[in-house]
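1. Okay, structure incoming, though there's no sequence with it:
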């Protein structure tokens, strides 16, 4: 079966977590909006297509099934492609960790949009500076410290037990995005994120991921996505 | 098996979504911190207990398993207590909707804490007014409009198919919380939320829920929780 991924063109965004899983698995998929344009997303959001109603992209079409919410899409795909342990306990833990990734991703987004998603960054710059300062000094160390502890509790290298999983792919993306958006803050956290750095490098070297990152399917980070590099937000 | 729920005392918070499922199911559970105090939560957060490591409460202990993240706890409990359809597709859709509830709940929280969770509301009041205005005029209508459409797509009364599920309980809690925090805005949305209102009343009348709401196990809404009534944030 060929999957259809629906996500806005031009940014990695939340869609990237799904892309990484599909690419790592070597799954056949079409990145629909990149072929047909963003307008292909709209009929689903307007409820003109059968199946589950998505609130927002990303969503995935798998046969007749439509699945939205990043963590939910990953939990659906993972057991089909060996990207999560077979045990129910392992799958529940993976989902827990992925939802925590979703939480920090939402907080990253709010560093440049602390007031309204409907307004430009430039219109909420003063508030963004304050929010980003709190994020860099309090939240980022807390989340990354947590994920370090998660790795420590496993075999030191993988989030879940001793096996590669979609959570590792998501932690790779999280580290990549934070490195892009907050290079200074991440430099300051380097010694406290040794396991996450090693995981990042291991995932980047996986054959399918390495090929993907070198391809034009990997959209570069930019200032329209979630992870944005505004130097003034990285001054802690 | 007797479940153990771990959540901060004194507030409904995210723990309430789990309480509602346990109460509706008539499941045996101990609300641990309300018996032993908030300090009972700490060893889990410090990684001193076996099992999955929680980032934050709520988390649930079920035998030897520890499960965190609200939507994840609900997805774990629901099939054990008839609170979700048996079909895989139904369970995936339920999880999608619950994660969308989590998203709006996080946005509700940010209306009174748009800058930092580590600081008091009073220290971020000016930013809170702006964020709340955007929430009330843009985000709340968008989310509630979405959930109305979800009900419309089902049988008009239930989120998933024709059966009561944990998502209905969560939508009840969402409506209750928004009514408490933003009574003016919710009044303005009354005509556009007819199905959600009917669902709210139906859930409130379920015998176990009605008994729970009348008990002292239901902590009243207050200004320490997620849904807070600050009149100045409800002026749209």
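-> Structure's in. What do you need? Nothing here was measured: the structure is a model prediction, and the numbers come from that model. Numbers count the residues shown, from 1 in each chain, chains lettered A, B, ... in the order given.
2. State the distance from residue A:11 to residue A:177.
-> With the distance defined as Cβ to Cβ, to the nearest Å, residue A:11 ends up 11 Å from residue A:177. For the C-beta atoms, the positions are set from N, CA and C on the backbone; glycine is no exception.
3. Overlap in contacts, these two.
-> residue A:226 (Cβ atoms under 8 Å, 6 or more residues apart in numbering or on different chains).
4. buried set for the longest helix anywhere in chain A?
-> Scanning chain A for the helix with the most residues, using DSSP state H, yields helix A:88-112. Within helix A:88-112, the residues scored as buried using 16 or more other Cβ atoms under 10 Å in any protein chain shown are A:89-112.
5. again with stretch A:175-195
-> Of all the residues in stretch A:175-195, those buried under the rule 16+ other Cβ under 10 Å are A:175-182, A:185-186, A:189, A:193, A:195.
6. average pLDDT across that stretch?
-> The average pLDDT within stretch A:175-195 is 98.
7. per-domain residue ranges of chain A.
-> Structurally, chain A divides into domains by automatic domain parsing as follows: A:3-81, A:88-206.
8. Next, see if the last one gets close to chain B.
-> Yes: Domain A:88-206 lies within reach of chain B by Cβ under 8 Å from any Cβ of the partner chain, at A:89, A:92-93, A:95-96, A:99-100, A:102-103, A:106, A:110, A:114-119, A:124, A:127, A:130-131, A:134, A:138-139, A:143, A:146, A:149-150, A:153.
9. Tell me where chain A has helices.
-> Residue ranges of the helices in chain A, as given by DSSP H, are A:15-25, A:32-36, A:42-45, A:70-77, A:88-112, A:125-134, A:140-153, A:166-181, A:183-188, A:194-204, A:207-214.
10. re the thing from before, off-centre distance for the longest helix of chain A?
-> How far helix A:88-112 lies from its chain's middle: 9 Å, per Cα atoms, centre = their mean, to the nearest Å.
11. Show me what that helix is packed against.
-> With contacts taken as 3 or more Cβ pairs under 8 Å, 6 or more residues apart in numbering or on different chains; DSSP states H and E, helix A:88-112 sits against helix A:70-77, helix A:125-134, helix A:140-153, helix A:166-181, strand B:65-68, helix B:70-77, helix B:88-112.
12. ok, now with 7 Å
-> Using 3 or more Cβ pairs under 7 Å, 6 or more residues apart in numbering or on different chains; DSSP states H and E as the contact criterion, the secondary-structure elements in contact with helix A:88-112 are helix A:70-77, helix A:125-134, helix A:166-181, strand B:65-68, helix B:70-77.
13. Distance to residue B:201 added to the ones you listed, as CSV?
-> CSV is the format used below for those (distance: least, Cβ to Cβ, whole Å):
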stretch, distance to residue B:201
helix A:70-77, 29
helix A:125-134, 38
helix A:166-181, 40
strand B:65-68, 31
helix B:70-77, 22
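14. out of those, which comes closest to residue B:28?
-> Ranking these by proximity to residue B:28 (Cβ to Cβ) places helix B:70-77 first, at 12.4 Å.
15. Return the member of the buried residues of stretch A:175-195 nearest to chain B.
-> The shortest separation between chain B and any of the buried residues of stretch A:175-195 is 13.6 Å, and it belongs to residue A:195 (by Cβ to the nearest Cβ).
16. roughly how far apart are the closest residue to that closest one other than its chain neighbours and residue A:199?
-> When the adjacent residues along the chain are set aside, residue A:195 lies closest to residue A:151, with 4.2 Å between them (Cβ to Cβ, 6 or more residues apart in numbering or on different chains). Using Cβ to Cβ, one obtains 7 Å as the distance from residue A:151 to residue A:199.
17. Please identify every residue contacting each of the two.
-> When contacts are counted by Cβ atoms under 7 Å, 6 or more residues apart in numbering or on different chains, the set common to residue A:151 and residue A:199 consists of residue A:157.
18. Neighbour count: these two, which is higher?
-> Taking residue A:151 and residue A:199 together and counting by other Cβ atoms under 10 Å in any protein chain shown, residue A:199 has the greater number of neighbours (25 against 20).
19. Any figure for the gap between that one and residue A:156?
-> From residue A:199 over to residue A:156 (counting by Cβ to Cβ), the distance is 9 Å.
20. what does residue A:73 give?
-> When distances are taken as Cβ to Cβ, residue A:73 and residue A:156 turn out to be 28 Å apart.
21. what about the two, which has more around it?
-> Each of residue A:73 and residue A:156 has its neighbours counted (other Cβ under 10 Å); residue A:73 has more, 27 against 12.
22. Would you confirm that that one contacts residue A:17?
-> No: with contact defined as Cβ atoms under 7 Å, residue A:73 does not count as touching residue A:17 (8.2 Å).
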